[in-house]
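A.B. asks: The following block contains a protein sequence and its predicted model.
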Amino acid sequence: MKTENGGTGGAIVNIASLAGLMPAPHQPVYSASKHGVVGFTRSIAMASSVGKYGVRINAICPGFVNTPILQSIDKEENMGQYSAYKENIRDMMKFYGILDPQLIAEGLIKLLEDDKLNGEIMKITTNQGIHFHEYSPLPFHSKMQ
């Protein structure tokens, strides 16, 4: 995809989770992997910008989405030692609400269509809808281009 390799550029959208922006004690491995997706997205987007790759890289961090994975909290074989957190997870689902997958698709389209977005972390929640995570400017690179 890199223009220097003869590619025409493009856009990559990684899927993370709100659990990649805050701790999730009931799913530490999931949370760690999603933190990794967020960090990788921001880092490679900056590399793309500095290296003029012509590729934009962003990520979507939705809250709970109405998909079959939500049913997995009822299965001890899926949750292991964290099955004790079932009620906490249910409380979080009530508090944060459950998103319709169509809203995630809308966010994806926004990221693909807006050529100015690179290194952005889009959050999607029931109470705020589609919005972006705000970071403090980096001292050595104030804005990705």
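C.D. replies: Everything's here; your move.

A.B. asks: pull the helix or strand with minimum mean pLDDT from this protein.
C.D. replies: The weakest-scoring helix or strand in the chain, judged by mean pLDDT, DSSP states H and E, is helix 76-79 (a mean of 77).

A.B. asks: Can you report phi and psi for Glu113?
C.D. replies: phi -90, psi -30 (degrees, to the nearest 10).

A.B. asks: hang on, I meant His131
C.D. replies: The phi and psi torsions at His131 (degrees, to the nearest 10) take the values phi -150, psi 170.

A.B. asks: What of Ile57?
C.D. replies: Backbone torsions for Ile57, taken as degrees, to the nearest 10, come to phi -130, psi 120.

A.B. asks: Next up, identify which helix or strand the nearest residue to it once chain neighbours are set aside is on.
C.D. replies: Among residues not flanking Ile57 along the chain, Ala45 sits closest, at 4.2 Å (C-beta to C-beta, 6 or more residues apart in numbering). (Each C-beta comes from the backbone N, C-alpha and C, glycine too.) If you go by DSSP states H and E, Ala45 is part of helix 28-51.
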